[in-house]
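Participant: Need coordinates for the below:
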Amino acid sequence: MDNAAHNARHARIVQLVSQLAPNDGINHCALGGLKFMRASCPSTRRPVLYEPSISILVQGCKRCYIGERAFFYDAQQFLVMAVPLPFEAETEASAAEPLLGLKISIDLQTTAEVAMALDEANVPIASPSQGFVSAPMDDKMSGAVLRLLEAMVSPVEARLLGPGIVREIIYYVLTSPLGGALRSALTHHSQFGKIGKALRRIHNDFNQQIDVAQLANEAGMSMAAFHAGFKAVTMTSPIQYLKSTRLHKARLLMAQNGLSAAAASSRVGYESSSQFSREFKRFFGRTPVEEARQMRTLLGQEPEPEAAYVTYQ
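Facilitator: Here you go, the predicted model:
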């Protein structure tokens, strides 16, 4: 595709996302698992937690920090989160040129079906790396994104055509350099898959007492191998991951359900509300009340449905 055609396609993509995300924060649509984002002002570096998803920026940029890694992410790349990961991010945006993007939640059943078909066709998939990876947008990927956005403008097309286009996008991800991480997240026998299973356990039972030795045993790994594998995938330790998951969930409970800090801390497994408040402020840089107020604005007008993972885009 020549530069003129590429620029025209990108301009149309920006126009459609702007239309589908009229409000700052998260904007939902007729297709489950697909959300649109708008931010009209920059945000400083802050903790976030992404669910397994394909994230695509069409305007603006983010700087992401995970462990010792930092990278720049803009409209030239797409991001794949193979497992739910906490990290930090800051955004560049303005009222004149807002940050615009979309996020496609990764449906494990659909992804497994496409991966199996690729295996049967002997299509090679790249080796897995970490759970947090990005790749350049090519013509096939951007073309599928444009078709998805055009379908979302019509409720009928969103319902009838949307799932097929999402499946096509998953195919392009699996056959991209990022495919290995996503494929391995489905395979419980690989180290990546075993850690993914432990992460799902943490997200399902974050409000209970979770023993790291038990997680390692359930993964069929020694403690040393489990800690090393966990750090390789998530860039953090199991204990720190559990703590950040609880704090992110508490933030959502306060912002979405109107819970007090004390009620939210108890709901996510803290025995001491004062300890919760201290750790919350240290983690988010604001008191629970201040952060919940800010979170309501960032999430937009429509509440987020209950999901298997604690997430914020």
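
Participant: Now residue 242. Its backbone dihedrals?
Facilitator: phi -60, psi -40 (degrees, to the nearest 10).

Participant: An error on my part: the question was meant for residue 73.
Facilitator: When quoted as degrees, to the nearest 10, the phi and psi of residue 73 stand at phi -140, psi 120.

Participant: Contacts only, for the closest residue to it other than its chain neighbours.
Facilitator: Nearest residue to residue 73 in three dimensions, chain neighbours excluded: residue 62, at 4.8 Å (CB to CB, 6 or more residues apart in numbering). Every C-beta, even on glycine, is put in place using the N, C-alpha and C of the backbone. When contacts are counted by CB atoms under 8 Å, 6 or more residues apart in numbering, residue 62 is found next to 72-74, 89-92, 99.

Participant: Please flag which of those sit within helices.
Facilitator: Nothing among those maps onto helices, per DSSP state H.

Participant: closest to residue 7 among those?
Facilitator: residue 74 (15.3 Å; CB to CB).

Participant: Next up, the contacts around the closest one.
Facilitator: Shown in contact with residue 74 (CB under 8 Å, 6+ apart): 57, 60-62.

Participant: Okay, and the beta partners of it?
Facilitator: Judged by DSSP bridges, the bridge partners of residue 74 are residue 61.

Participant: Just the pLDDT for it.
Facilitator: If you check residue 74, the pLDDT there is 87.

Participant: Could you do the one 3 residues further on as well?
Facilitator: Per-residue confidence at residue 77 stands at 83 (pLDDT).

Participant: follow-up on the earlier one: please indicate which of the contacts of residue 62 are buried?
Facilitator: 73-74, 89, 91, 99 (16 or more other CB atoms under 10 Å).

Participant: Quick check on the residue most central in space within the chain: phi, psi?
Facilitator: For the chain, residue 50 is the residue whose C-alpha lies nearest the centre (CA atoms, centre = their mean; 2.9 Å). Backbone geometry at residue 50, expressed as degrees, to the nearest 10, gives phi -100, psi 140.

Participant: Give me the nearest residue to it, chain neighbours excluded.
Facilitator: residue 81 (4.5 Å).

Participant: wait, isn't the one you found in contact with residue 49?
Facilitator: No - the pair residue 81 / residue 49 is not scored as a contact, 9.7 Å apart, by CB atoms under 8 Å.

Participant: between the two, which one's more packed in?
Facilitator: residue 81 (26 against 23; other CB atoms under 10 Å).

Participant: where does that one sit relative to residue 105, distance-wise?
Facilitator: The spacing between residue 81 and residue 105, counted by CB to CB, to the nearest Å, is 10 Å.

Participant: can you give me the strands for the stretch 101-250 of the chain?
Facilitator: For the stretch 101-250 of the chain, strands defined by DSSP state E, counting those that start in this stretch occupy the ranges 132-136.

Participant: low pLDDT regions in it?
Facilitator: 125-132, 187-190 (pLDDT under 70).

Participant: in it, which spans are helices?
Facilitator: Taking DSSP state H, counting those that start in this stretch as the test, the helices found in the stretch 101-250 of the chain are 108-120, 139-152, 155-160, 162-174, 179-185, 191-204, 212-219, 223-234, 238-257.

Participant: what's next to the next helix-or-strand element following the last one, contact-wise?
Facilitator: The reference is to helix 238-257. Counting by DSSP states H and E, the next helix or strand C-terminal to helix 238-257 is helix 261-267. The contact list for helix 261-267 (CB under 8 Å, 6+ apart) reads 207, 249-251, 253-254, 259, 272-273, 276-277, 280, 287-289.

Participant: With stretch 155-174 instead?
Facilitator: The contact list for stretch 155-174 (CB under 8 Å, 6+ apart) reads 29-31, 33-34, 54, 78, 80, 104, 106-107, 110-111, 114-115, 118, 125, 138, 140-141, 144-145, 147-148, 150-152, 179, 182-183.

Participant: how much space is there between the residue nearest to residue 73 and residue 72?
Facilitator: 8 Å.

Participant: Max pairwise distance over the buried ones among the contacts of residue 62: which two?
Facilitator: In those, two members sit farther apart than any others by CB to CB. They are 74 and 89, at 12.6 Å.

Participant: coming back round to it: from the contacts of helix 261-267, which is closest to residue 219?
Facilitator: Taking CB to CB as the measure, residue 219 sits nearest to residue 207 out of the contacts of helix 261-267, at 20.9 Å.
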